[in-house]
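1. can you look at this prediction? I've put the sequence above it.
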Amino acid sequence: MSDSSPLQLSDRPPEAEGHLLQVEDLHVDFHTRDGVAHAINGVDLHLDAGETLAVLGESGSGKSVTAQAIMGILDMPPAAIPTGRILFRGQDLLTMPDEERRAVRGPGIAMIFQDALSSLNPVFPVGWQIGEMFRVHRGLNRSDARSAAVRLMERVNIPAAKQRVNAYPHQFSGGMRQRIMIAMAIALEPSILIADEPTTALDVTVQAQVMDLLGQLREESGMSLILITHDLGVVADIADRIAVMYAGSIVESAGVHDLYRRPGHPYTEGLLQSIPRLDMKGEELFAIKGLPPNLLRMPEGCPFHPRCHRVRDVCRVDEPALREVRPGRRSKCHFAEEVLDE
Amino acid sequence: MFKFTVRRLLQMIPVIIGATFLIYWMVFSLPGDPTAGKCGDRPCPDAYVAQFEEEYNLNDPLLVQYGKYMAGVVQGDFGESYYGVPVSEELSERFVVTAKLGLMALGIEAVIGILAGVLAALKKGGFIDNVVLVSTLAVIALPLFVTASVLQLYLGIRWELFPVTVGSDTSFYALLLPAFVLASVSLAYLARLMRTNLSENLGSDYVRTARAKGLPQSRVVGVHTLRNSLIPVVTFLGYDLGALMGGTIVIEGIFNIPGVGNYIYRAINDRDGVVVVGAVTALILVYLFANLVVDLLYGLLDPRISHD
């Protein structure tokens, strides 16, 4: 897969672990008027070729910021990345010259966003916007880029693609617009596609269609997928692994089936309990008490301790590390084994 | 689009009738005697006054006067000034000068305003941004005639870079300074509008997408952001042409330019109603057509607007 990639970044051999993407100890701060908000506090994650990783978390947990840091589209300032490495095919994106980094966006890593209407430019036809990928990155002329755009629109199942190539974003439905975003993102056959809440703005039936499309495209192309979501239901069918984020760090990562069978962190426990189930009809739905911490004033010790139902004295003073608790499973809890064994 | 244009053109008719009547009424309501000073230091002989009033229909009721005037206008006759010169003749000569001045001002406004706005927005809080904000504030705060006098004094008299007044030489070069002064206030507003719009759009979702597509920064700003930010700017420019036309009355007076503005200024002093109505109607027409062009352009710039 990486052999056929148009991107030849380096002659250097990949790192020992050889992950396609490896994020190490990533920190992102936002400099605001009220002080420095630590949005990301040491995120570690990795992604292999063809793998689908779901990043799960509430609003403000830092999942979108992580994705934008990987893409290199954070506004800096106000954002700043004081430490960390983002290795793509063994090369650190953070130390790369701007021009090289730009060349990674599109052919190397591509991204789709939550709200396709505002994410597409309202004044250009959709075919023009898709074709722009080929014109800018591959130097295709206008008419070739347009036919390539039509083929992509057909590939993401947009009916009457040839007739609609010159239509504008506002002339499409929400689901079709997200398909156009997807067509644009996969245009240059990226190794990694980051989907940031791709179905949140869509209604349920359309959500399923878009997720199916993403799954199908991943199968066909062998690309890796990072799926960012707060919706546990979306994750189960498509993901291989799940990373759960809380207050700017990863609190648990595990294979999708392991995690659903037995969570290894009290926060994940709470998340799974808060899914409505048919057999619980009439019972009150579980909710994790309290609110996520203020990123400007993080609590001492474990960031989750004020909301944790298993909190003990050590949690209030000592922040646990993300550690391997079972083969292939990591948890950021002092009592992970206890949670798992229960 | 065609239907829209026709409808808009038809809408102009009542606007023109209403506007001409209002002006006619206002000028003729002004106190003062149009024959004053026509006969040297003495009052004019009664026979002359009677003939004068007869010739210009001054004894008819206002509505009848207006009706006679409009009947002439429809036949292409804009009447005569009290000096006996046909209004249409003088107006067409002067209109060329004013149109030149107005378009030059519009050009200066567009080029400098957009450029200053873009440069300010690209580095918000930076040096250029602060220079633009302070200088536009100064220009907006100063009355037009102060700006004009200061520039006349320094660029015209002290440094002799530009002619102080224009007079009969209405060349591009001679009109440059008045056009700049005429444009200055609008230019300041335009720069601020451009800056606000561009910096707002730079934070929008589709610009984030453009960056995620791996486009060069020049393309992200120059194509994706600028196009959207220009929509309100073009609207402002179009409507502003009307304000510039009004501004010529002051500017042409200060710089002694033989244009429509100067003509109106003199005619108001002379209570020369027929001239005022004719000249102002010409400016109103410019304003109406500029508005129409803006609305049509708006549909081309923003595909979400439809004129069907």
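-> Thanks, I have the structure now. Model, not experiment: these values are computed from the prediction.

2. show me what contacts residue B:124?
-> Contact analysis of residue B:124 by Cβ atoms under 8 Å, 6 or more residues apart in numbering or on different chains lists residue B:199. The way it works is simple: take the backbone N, C-alpha and C, and place the C-beta from them, glycine included.

3. what's the helix or strand for residue 99?
-> Going with chain A. Here residue A:99 sits within helix A:98-104, counting by DSSP states H and E.

4. please go with chain B instead
-> helix B:87-122.

5. now do that helix: which elements does it pack against?
-> helix B:127-141, helix B:172-202, helix B:226-254, helix B:260-269, helix B:273-301 (3 or more Cβ pairs under 8 Å, 6 or more residues apart in numbering or on different chains; DSSP states H and E).

6. how many residues are close by whichever residue of the stretch 51-200 of chain B sits closest to chain A?
-> The nearest approach of the stretch 51-200 of chain B to chain A comes at residue B:125, 10.1 Å away (Cβ to the nearest Cβ). Other residues within reach of residue B:125, judged by other Cβ atoms under 10 Å in any protein chain shown, total 8.

7. for stretch B:64-82, buried residues please.
-> Using 16 or more other Cβ atoms under 10 Å in any protein chain shown as the test for burial, stretch B:64-82 gives B:65-66, B:69-70, B:73, B:78-82.

8. mind checking which of those are in helices?
-> Per DSSP state H, helices hold the following members of the buried residues of stretch B:64-82: B:65-66, B:69-70, B:73.

9. show me which residues of the stretch 101-250 of chain A sit near chain B.
-> With Cβ under 8 Å from any Cβ of the partner chain as the criterion, the stretch 101-250 of chain A comes near chain B at residues A:102-107, A:110-111, A:113, A:115, A:118-125, A:132-133, A:136-137, A:168, A:170, A:181, A:184.

10. so how do I select the buried members of the residues you listed in ChimeraX?
-> Provided next is the ChimeraX selection string for whichever of those are buried by 16+ other Cβ under 10 Å:
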select /A:102,103,104,105,106,107,110,111,113,115,118,119,120,121,122,123,124,125,132,133,136,137,168,181,184
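
11. averaged pLDDT, the helix ranked longest in chain A. What do you get?
-> The longest helix of chain A (DSSP H) is helix A:204-221. For helix A:204-221, mean pLDDT is 84.

12. show the backbone phi and psi for residue 161.
-> You didn't pick a chain, so chain A it is. phi -60, psi -40 (degrees, to the nearest 10).

13. actually, chain B is the one I wanted.
-> Per degrees, to the nearest 10, the backbone of residue B:161 is at phi -80, psi -40.

14. what ranges does chain A have for its helices?
-> A:63-71, A:98-104, A:116-119, A:126-138, A:142-155, A:161-164, A:174-186, A:204-221, A:232-238, A:256-261, A:266-273, A:313-317, A:336-341.

15. in TSV, list those helices along with distance to residue B:240.
-> TSV is the format used below for the helices of chain A (distance: least, Cβ to Cβ, whole Å):
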stretch	distance to residue B:240
helix A:63-71	39
helix A:98-104	38
helix A:116-119	30
helix A:126-138	31
helix A:142-155	35
helix A:161-164	38
helix A:174-186	36
helix A:204-221	45
helix A:232-238	51
helix A:256-261	60
helix A:266-273	56
helix A:313-317	64
helix A:336-341	67
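
16. ok so, going back, buried ones in the helix holding residue B:99?
-> Neighbour-count burial for helix B:87-122, counted by 16+ other Cβ under 10 Å, picks out B:87-88, B:90-91, B:94-95, B:97-102, B:104-106, B:108-110, B:112-114, B:116-122.

17. ditto for stretch A:58-75
-> So, applying 16+ other Cβ under 10 Å, buried residues of stretch A:58-75: A:58, A:60-74.

18. ok, and what's touching it?
-> A:21, A:23, A:26, A:28, A:39-40, A:43, A:45, A:55-57, A:79, A:81, A:86, A:93, A:101, A:104-105, A:109, A:111, A:194, A:196-197, A:226, A:228, A:230, A:245-249, A:292, A:295, B:203, B:208, B:211-212.
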